[in-house]
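**Q** Structural data only, the sequence is not supplied:
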């Protein structure tokens, strides 16, 4: 009788151990999945931040290239040197038109 109870107890202990092992495996797999999702989300966020930062740098470089550094120092407000470059472009267009008109007059 004792032997039967002892074997039965051993069987129950083995089942409990097996159940605990399976539960631990499932928890570890679930934790891995959650970590992978979090890592993917972090990567996506970093990519978005990098894109925004790259766009900002490209725009900044483009604005600086439109105006010389000396003019850039004169206009600390970005809107001012943007209007300056627009005026500068407009002036160059007007000068080209005048030059074309003068050339056509002398050609006649």
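**A** Arrived safely. Please read all numbers here as calculations on a predicted model, not as lab measurements.
**Q** domain ranges for the protein?
**A** Following the assignment in automatic domain parsing, the chain carries domains at 1-66, 69-108.
**Q** looking at those domains, which one has the lowest mean pLDDT?
**A** Note on the domains of the chain: domain 69-108 shows the lowest mean pLDDT, a mean of 66.
**Q** about what we covered before: could you dump the domains of the chain into JSON lines with mean neighbour count added?
**A** Quick note: C-beta positions are derived from backbone N, CA and C, even for glycine. As requested, the domains of the chain are arranged in JSON lines below (neighbours: other C-beta atoms under 10 Å):
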{"stretch": "domain 1-66", "mean neighbour count": "10"}
{"stretch": "domain 69-108", "mean neighbour count": "11"}
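**Q** what about residue 50, which helix or strand?
**A** Taking DSSP states H and E as the criterion, residue 50 maps to helix 2-66.
**Q** I'd like to know which elements that helix is packed against.
**A** Applying 3 or more C-beta pairs under 8 Å, 6 or more residues apart in numbering; DSSP states H and E, one finds that helix 2-66 makes contact with helix 78-107.
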